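# Fold the following, please.
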Amino acid sequence: MKILGFDTSKLPSPSAQGAIPILVLLVLIMMLVPLPAIILDVLFTFNIALSIIVLFTAINIKSFKDFVAFPTVLLLTTLLRLSLNVASTRIVLMDGYKGTDAAGKVIEAFGVFLIGGNFAVGIVIFIVITIINFVVITKGSGRVAEVSARFALDSMPGKQMAIDADLNAGLIQQEEAKSRRADVAQEADFFGSMDGASKFVRGDAMAGIMILVINLIGGVMIGVLQHGMDFGKALSTFASLTIGDGLVAQIPALVISTAAGILVTRVATEDDFSGQVSKQFEANSNALGVVAGVLGILGILPGMPHVIFLGFAALFGGLAYLTHQRIKREAAAAKVALAQPVVNEELEWKDVPIVEPLCLELAYRLIPLVDKGDESDLIKRIKAIRRKFVTQVGFLIPSVHIRDNLQLSAETYRILLYGAEIGRGQCLPDRLLAIQQSGTDKIPGIEVKDPTFGMPAVWIERTMRDEAIAKGYTVVEPAVVITTHLDHLIHQHAAELLGRQETQDLLDHFKMSYPKLVEDVIPKIVTVAQLQRILQLLLEENVPIKDLRTILEISSEYAGKLNDPLEILPHIRYALRRTIVQDVLGDGNNYQVLGIQPEFERLIEQSIGAGAIAPDG
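Numbers count the residues shown, from 1 in each chain. The predicted structure is shown next:
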């Protein structure tokens, strides 16, 4: 359980589960039971602290997903402020005639010290804060939440389709797919809740104005009519109490509204809000230099406060210089890292390159896709397709060697099999690939063909993701484009990837479960070379070799009679008929079939057991 973004799972379970209901109950009791001034001081201080906690939680999180409880927190804090307003109104009207400290030290401090005892200034400040909160922050946050909720709902079907596509391609596991679906639903729920929660703050601001008027008019009337105070004394006393009560409630409300605005306008990244701002400001030293120049010009104009303007000009000028120097150092370090020093050494056998079975070459613009090592999205997806291949086909393919190739054009990648190119494509790392479906409207972007299946697609800006999904496009990341192409080519060339070493490794692994079968068959009846050829023939027909037990048993049964693996293959294929049909049907029970003429059907039946049908048949 999380309260205001903090994990309370380490607390005892009954206390953690009962804290919020008890807090809500106490808030409701505050509206009914008179509270002494000291309790009001404690509660007002707690309200201020709570608003600051919420604000800094919103600043420090990386995404709204880390604070999805915020709409409910907003409701509870609003209810807490209103209950405090009710409690303070009661004590102001009942005991206000005793002096400005009748409602507690906190209200007195806000009503006397902060505004200097001038209630006219206090009223103006209260109205200004209320307008800022009501008209500017709350209205803007509500509009952002409304638009975000609409886009989240419109894009939900497309996002669900993209998740299903990744799951079917084996790029993610079932658990991750469930988590992503929950995130999609959570996003729509969050912004929908924020759209409604903004009305709480708006209503709170209106209630604050009404409470101010009621306290002021009612307090003056009670002081004059019931306690015999003169009008001036009553107006001064109750105005100070009323302004203090209003400010001590509206300032935390302004802080909470600011937190709501920060939360709904955040763009989810790996950095918190402070990290985002500092990185993006520091990335451009020119802006700091321009600011320094403008302030310097203003500082030398007659009548301007020269010291302040010139001081800030020097500050921003220094920051611009330091930022520029840091960027130059980083660029120089990157060049040094890319430079390959030539060492005058004798060649050895270790200098002879070994051709990798599978290799992915990336142009220099695509290197950032793997610059985080094992944490890079591209590498994670390559590992996922290897796991999927093992599950579907039945043997472990070699690792994919990834390297840069500066000879390729800027945004090109290519896939090599034993050093020979089997596929290439273009990938724009700063964009998304939107794959067209039938009947979809056109969207602006770079029109291309999907490198895997040749479908029409468009490279779009990342800001257009939701719009493209809403129009029915399937939107994928650049890493998904590369790994989908790689996965397709791996399945096409699976037979070539099953070498002698892979066959022996497969047998060694299988022998741990069926030692007797392997000892009796390999190599007494079937040699490793024959088994490798049989497995390659099956892979060429896209038949999985997961059921190695059946393959070995059928091979041992017919190997003594038939020497050619092509002649043994039909018997193995027949033994694997359920696996073959299941792979074709998938999760369904029906499949489209093609009817043939009876003459051709008889020809096929007569050819069962033979290696092939005669060409002239």
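# for Asn563, helix, strand, or coil?
coil (DSSP: H, G, I helix; E, B strand; the rest coil).
# which ones are touching it?
If a contact means CB atoms under 8 Å, 6 or more residues apart in numbering, then Asn563 has no contacts. For every residue, glycine as well, the C-beta is placed using N, CA and C.
# Next one: it from Val528, what distance?
As judged by CB to CB, to the nearest Å, Asn563 and Val528 stand 16 Å apart.
# go on, Thr100?
Going from Thr100 to Val528 by CB to CB gives 97 Å.
# who has more neighbours, the two?
More crowded of Thr100 and Val528, by other CB atoms under 10 Å: Thr100, with 20 against 13.
# So the more buried one lies in a helix, does it not?
No - assigned with three-state DSSP, Thr100 falls outside any helix and is coil.
# pretty sure it is touching Ser240, no?
Yes - with contact defined as CB atoms under 8 Å, Thr100 reaches Ser240; the gap is 4.9 Å.
# which neighbours do those two share?
Common neighbours of Thr100 and Ser240 (CB under 8 Å, 6+ apart) are 108, 111-112.
# Most neighbours among those, please name it.
Of the shared contacts of Thr100 and Ser240, with other CB under 10 Å as the count, Gly111 tops at 27 neighbours.
# Any stretches of this structure with poor pLDDT?
Counting by pLDDT under 70, the chain shows low-confidence ranges at 1-19, 113-117, 168-171, 267-276, 280-285, 334-345, 583-592, 607-617.
# Apart from its neighbours in sequence, what residue is nearest Met206?
Counting by CB to CB, 6 or more residues apart in numbering, Met206 lies nearest to Phe134, which is 7.4 Å off, once chain neighbours are set aside.
# Ile48 versus the one you found, what's the distance?
Relative to Ile48, and taking CB to CB, Phe134 is found at 20 Å.
# Neighbour count: those two, which is higher?
Legend: neighbour count by other CB under 10 Å for Phe134 and Ile48, higher for Phe134 (22 against 16).
# wait, what's in contact with the residue lying closest to Val224 once chain neighbours are set aside?
Spatial nearest neighbour of Val224, chain neighbours left out: Ala234 (5.1 Å); criterion: CB to CB, 6+ apart. Neighbour list for Ala234: 97, 219-220, 223-224 [criterion: CB under 8 Å, 6+ apart].
# Specify the local secondary structure of Ala234.
Ala234 ends up helix, using three-state DSSP.
# how near is it to Gly122?
16 Å.
# now do Ser236
Separation of Ser236 from Gly122 (CB to CB) stands at 11 Å.
# So for the two, which sits in the more crowded spot?
Between Ser236 and Gly122, counting by other CB under 10 Å, Gly122 is the more crowded of the two (24 against 17).
# What distance do you get for the more buried one to Ile22?
Here Gly122 is placed at a distance of 35 Å from Ile22 (CB to CB).
# Please apply the same query to Thr237.
36 Å.
# Looking at these two, which is more packed in?
Neighbours per residue (other CB under 10 Å) separate Thr237 from Ile22, with Thr237 holding more: 23 against 10.
# Can you tell me how far that one is from Ile107?
When distance is defined by CB to CB, Thr237 is 12 Å away from Ile107.
# Which secondary structure state is assigned to the residue in the chain sticking out farthest from the centre?
The outermost residue of the chain relative to its centre, with distances by CA atoms, centre = their mean, is Gly228 at 65.2 Å. Gly228 falls in the coil class when you classify it by three-state DSSP.
# Kindly report the same for Tyr413.
Using three-state DSSP, the structure places Tyr413 in strand.
# quick one, what contacts it?
360-363, 366, 424-427, 482.
# Repeat that for Ala87.
By CB under 8 Å, 6+ apart, the neighbours of Ala87 are 30-31, 34-35, 40, 43.
# The same query, at a cut-off of 7 Å, please.
Ala87 sits next to 30, 35, 40 when contact means CB atoms under 7 Å, 6 or more residues apart in numbering.
# Could you measure from Gly472 over to Lys442?
Distance from Gly472 to Lys442, counting by CB to CB: 12 Å.
# can you check Ala182 too?
The value you get for Ala182 to Lys442, if CB to CB is used, is 33 Å.
# do Lys471 as well
For Lys471, the distance to Lys442 (CB to CB) stands at 9 Å.
# Those two - which one has more neighbours?
With neighbours defined as other CB under 10 Å, Lys471 and Lys442 compare such that Lys471 has more, 19 against 10.
# Ramachandran angles for that one?
phi -90, psi 0 (degrees, to the nearest 10).
# Spit out the contact partners of it.
Each residue near Lys471 by CB under 7 Å, 6+ apart is listed here: 440-441, 443.
# Export those to TSV and append columns for distance to Val144, neighbour count and secondary structure.
TSV is the format used below for the contacts of Lys471 (distance: CB to CB, whole Å; neighbours: other CB atoms under 10 Å; DSSP: H, G, I helix; E, B strand; the rest coil):
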residue	distance to Val144	neighbour count	secondary structure
Thr440	28	16	coil
Asp441	26	9	coil
Ile443	23	16	coil
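# Of those residues, which is the nearest to Thr265?
Ile443 (24.7 Å; CB to CB).
# Make sure that closest one is actually in contact with Trp459.
No - using CB atoms under 7 Å, Ile443 is not in contact with Trp459, being 10.6 Å away.
# any idea how far Gly223 is from the residue nearest to Val224?
Distance, Ala234 to Gly223, using CB to CB: 3 Å.
# Could I get the full set of helices for the stretch 351-500 of the chain?
In the stretch 351-500 of the chain, the helices defined using DSSP state H, counting those that start in this stretch lie at 377-392, 465-470, 478-492, 494-497, 500-511.
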